[in-house]
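Novice: below is the structure, and that's it, no one-letter string:
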């Protein structure tokens with residue numbers, strides 16, 4: 001007889017780990033099973049070297065606050081992203097106090113977030129952005145300067161041997177963070193195992209079928225011995241990165257019709273040269289080049305992984321038809337269905353600049369990539385930097401009533417009408433806002449339980465159901481409290 005469990009989490013990344021942790025806190029009696037096709041969890045997008053580890057709070061990322069055609073800047077999206085990251089911080093702080101997570105330094109470290117721009121147009125925009133954000137309680141600590149001496153104090157590598165005559169400016173928020181989502185994911189899954197959840201690795205899901213009783217039959221196999229197995233679940237979450245599309249398509253839910261994904265790989269330049277690492281403690285973002293997608297925004301980052309600091313610069317786009325770093329060469333073709341063919345073709349027709357950008361990236365050799373780094377760090381030497389492969393991103397393409405198809409840079413949860421299955425598509429700022437995304441999923445998929453869960457959610461996440469940004473005192477108190485627990489006061 002096939003075993004029936006309450007929840008199955010497909011994919012061993014930060015999304016499944018976060019949802020599993022929340023459900024274990026809310027319903028300790030529920031039986032939870034996690035399935036991961038690789039030999040360990042956190043080996044795809046949640047892996048420390050497959051992402052920049054930026055705690056996305058819109059402190060430095062310009063694409064969350066673009067300049068409108070009329071020249072205005074609206075902080076609403078930046079505030080929303082920051083609010084969502086504060087929920088992540090609050091949950092992590094609660095879990096540290098409860099002994100669920102290890103010492104804060106094992107996964108989060110204070111790292112100032114900066115933005116650096118050049119040219120009159122971008123300098124004017126950055127100053128406008130600063131003027132708008134400094135009034136907002138969650139951005140109260142933001143600093144701005146056009147003075148080379150000040151910027152040199154913030155990040156020396158940006159200013160050494162920089163040519164004069166080109167205007168530049170920078171903003172800085174000392175309270176930014178670097179997050180090792182791989183370490184965090186491992187700790188959350190360890191806690192789930194210790195509290196009765198079953199976590200199976202080397203287990204690949206082949207199919208999902210809705211049963212007459214409302215449950216889902218999950219067919220899987222051992223990826224080493226190829227032994228087939230079955231499992232039934234009352235609720236299924238598909239947090240399998242780019243493969244989420246494939247599995248949701250196999251589930252047959254009508255809500256996935258019209259969706260496709262476009263895979264974009266990545267590379268970083270990395271250095272562990274102690275002399276360079278010692279001179280740069282920040283995550284410094286800039287503007288994406290003309291025609292490039294938002295996920296290509298160049299940045300020079302401090303990374304702390306397993307207690308060791310290094311610097312990353314990038315990302316540089318690569319192309320692979322795989323939906324995951326360890327995916328199949330047939331992924332991009334296998335996704336095609338009658339319902340998503342036209343939306344995907346329309347995206348290709350409407351985004352020639354993306355194709356041009358990808359071709360340009362593919363033509364860059366190591367020396368050309370270091371040339372790009374010199375925009376940030378004029379003294380960069382080829383021999384100090386090595387290329388490091390990053391993870392695959394599967395950018396969402398979907399049907400649009402007006403345009404036929406649109407390319408979406410972000411994350412999106414696709415849920416069946418009855419709420420028994422949901423999957424996450426898309427990329428940034430996913431990991432940083434995993435808590436907020438999963439809170440939204442709980443409301444959608446568990447409408448009968450959410451009211452009873454809310455007292456516990458408010459205990460775990462004090463700002464649950466409220467806004468921090470409306471009150472300076474409340475925002476300051478929350479930031480200081482979580483910074484104290486997480487030991488990230490800058």
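Specialist: Received, thanks. Not measured: the values here are computed from a predicted model.
Novice: buried ones in stretch 371-382?
Specialist: 372, 373, 375, 376, 377, 380 (16 or more other C-beta atoms under 10 Å). Every C-beta, even on glycine, is put in place using the N, C-alpha and C of the backbone.
Novice: ok, now stretch 432-450?
Specialist: 432, 433, 434, 435, 436, 437, 438, 439, 441, 442, 445, 446.
Novice: in helices, which of those residues appear?
Specialist: The helices, defined by DSSP state H, take in 434, 435, 436, 437, 438, 439, 441, 442, 445 from the buried residues of stretch 432-450.
Novice: residue 451: which of those residues is nearest?
Specialist: Comparing these against residue 451 with C-beta to C-beta places residue 442 closest, at 11.2 Å.
Novice: low-confidence bits of the stretch 351-490 of the chain, can you list those?
Specialist: Along the stretch 351-490 of the chain, the model assigns pLDDT under 70 to residues 489-490.
Novice: an error on my part: the question was meant for the stretch 1-150 of the chain.
Specialist: Using pLDDT under 70, the stretch 1-150 of the chain has no residue that qualifies.
Novice: can you pull out the strands in it?
Specialist: 4-10, 32-35, 108-110, 113-118, 143-145 (DSSP state E, counting those that start in this stretch).
Novice: counting contacts, what elements does the first one pack onto?
Specialist: What that stands for is strand 4-10. helix 14-26, strand 32-35, strand 216-222, strand 228-238 (3 or more C-beta pairs under 8 Å, 6 or more residues apart in numbering; DSSP states H and E).
Novice: for residue 183, find the nearest of the ones you listed.
Specialist: Closest of the helices and strands packed on strand 4-10 to residue 183 is helix 14-26, at 10.5 Å (criterion: C-beta to C-beta).
Novice: where does residue 422 land in three-state SS?
Specialist: Reduced to three states with DSSP: H, G, I helix; E, B strand; the rest coil, the structure at residue 422 is strand.
Novice: distance check, it against residue 244.
Specialist: Distance of residue 422 to residue 244, computed by C-beta to C-beta, to the nearest Å: 10 Å.
Novice: tell me, what's touching the two both at once?
Specialist: Overlap of the contact sets of residue 422 and residue 244 (by C-beta atoms under 8 Å, 6 or more residues apart in numbering) consists of residue 238.
Novice: you'd agree residue 487 is up against residue 106?
Specialist: No: judged on C-beta atoms under 8 Å, residue 487 makes no contact with residue 106 at a distance of 10.7 Å.
Novice: which one of those two has more residues nearby?
Specialist: The neighbour comparison of residue 487 against residue 106 (other C-beta atoms under 10 Å) goes to residue 106, with 16 against 13.
Novice: who are the neighbours in contact with the closest residue in space to the more buried one that isn't next to it in sequence?
Specialist: Counting by C-beta to C-beta, 6 or more residues apart in numbering, residue 106 lies nearest to residue 183, which is 5.6 Å off, once chain neighbours are set aside. Each residue near residue 183 by C-beta under 8 Å, 6+ apart is listed here: 48, 106, 107, 305, 306.
Novice: which SS class is residue 183?
Specialist: Applying three-state DSSP: residue 183 is helix.
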